[in-house]
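Chemist: below are the sequence and a predicted model; questions follow.
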Amino acid sequence: MKANVENLTEKLSGIDPELLNSLQNGQIDSAFLENGIHALTGWIAGLFVVGVIILLFRQAIEGAVAGMIFKSGAELSYDQPILISGRKARLIRVGRFKTVFYLDNLTDKEPDTKTKLIVPNTQLNQLVLECPIVEHTLNIPAKKTSSK
């Protein structure tokens with residue numbers, strides 16, 4: 001039994017000597033336990049506070065990430081004519097939390113008026129965006145076939 005304790009003592013040489021003595025004597029000091037519990041509860045409380053902060057700023061984080069993803073996509077460029085739910089529009093700005101479009105008005109009474117559409121980045125996936133395709137004529141000369 002004593003050999004097992006000595007073997008365990010060698011393995012636990014990196015542990016606090018006060019704790020090691022308490023373990024060897026079979027007694028654990030109540031002050032030592034209190035300090036350990038206080039340190040553990042402090043760590044858990046810190047994790048809880050970090051979790052609450054992340055939950056509070058979750059919407060802001062989601063908006064920023066959605067804006068970065070939309071901005072990094074190569075599908076749209078600034079001032080490109082697009083259609084948003086059938087209305088002519090132009091992409092003006094992609095910010096951290098919101099994206100700005102200018103829309104042409106569809107009313108005949110005021111044909112030259114434009115409206116500004118500000119969309120939170122978290123709601124960009126709900127928009128129906130269409131890009132008009134400009135047809136190009138390609139002048140590619142026909143290949144000459146050689147006859148032998």
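Modeler: On my side now, so go ahead. Numbering: from 1, shown residues only.

Chemist: ok, which stretches of the protein are strands?
Modeler: 81-84, 87-94, 98-104, 114-120, 129-130 (DSSP state E).

Chemist: contacting residues for Lys116?
Modeler: For Lys116, the contact set (C-beta atoms under 8 Å, 6 or more residues apart in numbering) comprises 92, 100-103. (Glycine included, C-beta is placed from N, CA and C.)

Chemist: please repeat the previous calculation with a cut-off of 7 Å.
Modeler: 100, 102 (C-beta atoms under 7 Å, 6 or more residues apart in numbering).

Chemist: who does it bridge with?
Modeler: Following DSSP bridges, Lys116 is listed with bridge partners Tyr102.

Chemist: which neighbouring elements make contact with the longest helix belonging to the chain?
Modeler: Longest helix of the chain, by residue count under DSSP state H: helix 30-56. If you count contacts as 3 or more C-beta pairs under 7 Å, 6 or more residues apart in numbering; DSSP states H and E, helix 30-56 packs onto helix 17-25.

Chemist: quick one: average confidence on the longest helix of the chain?
Modeler: What helix 30-56 shows for mean pLDDT is 82.

Chemist: buried residues, that helix. List them.
Modeler: Buried residues in helix 30-56, counted by 16 or more other C-beta atoms under 10 Å: none are found.
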